[in-house]
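Just a sequence and a predicted model for now, questions to come.
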Protein chains: 2
Amino acid sequence: MGARDYDIIIVGGGCAGLAAAIYTSRARLRTLLIEKEVGVGGQIVTTNHVENYPGFPEGITGYDLTQAMRRQAVKYGMETLAAEVSGLVPGEFTKVLRTTAGEHTARAVIIASGAAHQHLGVPGERELAGKGVSYCATCDGPFFREQRVAVVGGGDAAVTEAGFLTHFATKVYLIHRRDQLRAQQINQERVFADPCIEVIWDTLVTAIEGDEEVKALHLHHVKTHEESVLEVAGVFVSIGFRPNSGFLRGVLKLDPNGHIITNEVMETDVPGIFAAGDIRLNSGRQAITAAGDGATAAIMAERYVSALRASRPATLYI
Amino acid sequence: MGARDYDIIIVGGGCAGLAAAIYTSRARLRTLLIEKEVGVGGQIVTTNHVENYPGFPEGITGYDLTQAMRRQAVKYGMETLAAEVSGLVPGEFTKVLRTTAGEHTARAVIIASGAAHQHLGVPGERELAGKGVSYCATCDGPFFREQRVAVVGGGDAAVTEAGFLTHFATKVYLIHRRDQLRAQQINQERVFADPCIEVIWDTLVTAIEGDEEVKALHLHHVKTHEESVLEVAGVFVSIGFRPNSGFLRGVLKLDPNGHIITNEVMETDVPGIFAAGDIRLNSGRQAITAAGDGATAAIMAERYVSALRASRPATLYI
């Protein structure tokens, strides 16, 4: 077995990839986790206070949570490589990962490379991320009890976020750049029926104002060109979600947005390739659902590798 | 709204149910968790050392893990009820749970009542549970590095457990009461091809011997009636798994063994009823996969309840 050949290669070092690595390395499968930068830990590291990862009643920072998972995987033998993956060639016995640090091979591959929220790209957005600027209402909505918040977007995700926020906020503004929503009709009707939600049409957010926390949004009306200021304590940006799956086009079955399609045990349409976490279609987009996905993918990958081994004489196991 | 009416009722207080309760109560949905005995915590509480729940690199006891989840859910407002559930009537708007402590109603229900491993029912089994007697190779296999272990059973689960244990044990005995396995042919072939696994046919385990930990199994050959003793450090009992779903027959779609059939977002075939954890078909049967299931079920249940609310005038929301 060459130095660069593994039982399992995992792509992505967020909660899904690390949970998978805990399971595969604890099962004594030789495991390589490839991530862009070592130890960064996926989307959740920008979250200062994770309240809903079961097992931490006092909360935990995203950084501490992923570092704990990393120590757990390293303890059982996970190896890591800092590289970008540019391609995957899925042979029956040997899957080849092409990376900026050379080629690496494995019997089974778990794709957990996550997804990136689209950003508005306006002043204040980056500086106030985690201080009132959020990309996940399920995660951060409860921090805005009895306050006014805004959601930016007009699709089903934005409308769902707005509906969820009505459990907490006194007022939810839904700010959309067009004069009609893209969301399904039934979701639109819910928005219009909810007295807590007010839609602001034809409007762009041009800046997010605040010092230690969000105070207001600067708005621009695209038809009248009027400028205005809207005071809110939080803004949820929900204008799209881009899975990091470019290197998988033509290899795995993806939905039109680039999410990997899996069944409920994380199998893709290619045997021996599994997907976990935000990159897959219908992910819960939570640390705990990503970790659960990762464990499931790892259990299935172990069975796949064991079956491959049993199907070949040991001398051919190269 | 009556005192016994809730947004969400969760059946079962293990990892799946508690994770769901963290999510629904944090979303400010009025949540009742019904469990047989308050604070017991599901199957995992018998596990002294959980090594593979991501986030706890030093491990945690099953009891401490579920207690932490419980505190987290209580913090956000979960109520609990000690009762046995005897029936579920799934109305479109109101689901009725019949229990030994009266009827309780909710808009949505999450079934997380788990499953019980079948026990051998022999002397030593109960006393040595967690001290060498296990019902889960994925969980406990790594504790038996370079030791001899036995698996009891002859189905696909038993054969899969035996294969997994070869990553750790020097020798795996597969003890089966019949003269052929029930497992699928392909799984049988793997067992026979693996030099690390030895099948002991036509044999019952009559006792598990040990003081602080398992030392040996007492065996009885069903044809020759010979008695013998097999020295092993661990025994994995894999003779069946019974979902706690008796009260759901005729209500939800179950597989022949009584597992609830869900899609990958935990929806059952009845709108507004979700399932999570070991009770569902294709569960990973791990604390982390159960918790992930619970969070996913909770997210979907919240959307269901919000849609129901939007579809009715507030005055009818009784």
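Received the coordinates, thanks. Numbering: from 1, shown residues only, chains lettered A, B, ... in the order given.

remind me, longest helix of chain A?
What stands out as the longest helix in chain A, according to DSSP state H, is helix A:287-311.

Show me what counts as buried in that helix.
A:287-310 (16 or more other C-beta atoms under 10 Å in any protein chain shown). Glycine gets a C-beta too; all of them are placed from N, C-alpha and C.

Contact partners for the residue of chain A found nearest chain B?
Minimum separation of chain A from chain B (C-beta to the nearest C-beta) falls at residue A:292, amounting to 1.8 Å. Contact analysis of residue A:292 by C-beta atoms under 8 Å, 6 or more residues apart in numbering or on different chains lists A:19, B:284, B:288, B:289, B:290, B:291, B:292, B:293, B:295, B:296.

dump the residue contacts of the third one.
By C-beta under 8 Å, 6+ apart, the residues touching residue B:288 are A:19, A:288, A:291, A:292, A:295, B:15, B:52, B:53, B:54.

Spatially nearest residue to the first one (excluding sequence neighbours)?
With C-beta to C-beta, 6 or more residues apart in numbering or on different chains as the measure, residue A:294 is the residue that lies nearest to residue A:19, at 3.3 Å, once sequence neighbours are left out.

So the one you found sits against residue A:12, correct?
No. Using C-beta atoms under 8 Å, residue A:294 is not in contact with residue A:12; the gap is 9.3 Å.

which residues of chain A score low on pLDDT?
A:1-3, A:312-318 (pLDDT under 70).

Distance to residue B:86 added to the contacts of residue B:288, as CSV?
Output for the contacts of residue B:288, formatted as CSV (distance: C-beta to C-beta, whole Å):
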residue, distance to residue B:86
A:19, 37
A:288, 31
A:291, 34
A:292, 30
A:295, 33
B:15, 24
B:52, 35
B:53, 32
B:54, 36
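
residues touching the residue nearest to residue A:19, list them.
Counted by C-beta under 8 Å, 6+ apart, residue A:294 has contacts A:15-23, A:110, A:112, A:276-277, B:54.

ok, 7 Å please
Contacts for residue A:294 (C-beta atoms under 7 Å, 6 or more residues apart in numbering or on different chains) come out as A:15, A:16, A:17, A:19, A:20, A:112, A:276, A:277.

I'd like the distance from the helix or strand hosting the second one to the chain centre, please.
Here residue A:16 is covered by helix A:15-26, with elements defined by DSSP states H and E. Using C-alpha atoms, centre = their mean, to the nearest Å, we find the averaged C-alpha position of helix A:15-26 to lie 16 Å away from the chain's own average C-alpha position.

Can you name the element that comes right after that helix?
strand A:31-35.

Do that next one and chain B come into contact?
No. On the criterion C-beta under 7 Å from any C-beta of the partner chain, strand A:31-35 is out of touch with chain B, staying 12.3 Å away.

Sheet partners, orientation included, of that strand?
strand A:5-11 (parallel), strand A:79-82 (parallel) (DSSP bridges).

Tell me the helix or strand right after it.
That would be, after strand A:31-35 and using DSSP H and E, helix A:62-75.

Tell me the one of the contacts of residue B:288 nearest residue B:65?
Distances from residue B:65 to the contacts of residue B:288, taken as C-beta to C-beta, are shortest for residue B:53 (6.1 Å).

How about the contacts made by the nearest residue to that closest one once chain neighbours are set aside?
Closest residue to residue B:53 apart from its sequence neighbours, by C-beta to C-beta, 6+ apart: residue B:287 at 5.0 Å. By C-beta under 7 Å, 6+ apart, the residues touching residue B:287 are B:15, B:44, B:50, B:53, B:65.

What ranges does the stretch 51-200 of chain A have for its strands?
A:79-82, A:85-90, A:95-99, A:102-111, A:115-117, A:133-134, A:148-152, A:171-175, A:197-200 (DSSP state E, counting those that start in this stretch).

What angle do strand A:31-35 and the fourth one make with each other?
Following axes from the mean of the first three to the mean of the last three C-alpha atoms, to 10 degrees, one obtains 100 degrees for the angle between strand A:102-111 and strand A:31-35.

can you tell me if strand A:102-111 touches chain B.
No. With C-beta under 7 Å from any C-beta as the criterion, chain B is not reached by strand A:102-111; the gap is at least 13.7 Å.

Measure how far that strand is from the centre of its chain, please.
Relative to its parent chain, strand A:102-111 has a centroid offset of 21 Å by C-alpha atoms, centre = their mean.

and the direction of it versus that of helix A:15-26, what angle?
Per the same axes, to 10 degrees, the angle that strand A:102-111 makes with helix A:15-26 is 100 degrees.

mind listing what's buried in strand A:102-111?
Buried residues in strand A:102-111, counted by 16+ other C-beta under 10 Å: A:104, A:105, A:106, A:107, A:108, A:109, A:110, A:111.

Just the closest of those to residue A:208, please.
Closest approach between the buried residues of strand A:102-111 and residue A:208, by C-beta to C-beta: residue A:111, at 33.3 Å.
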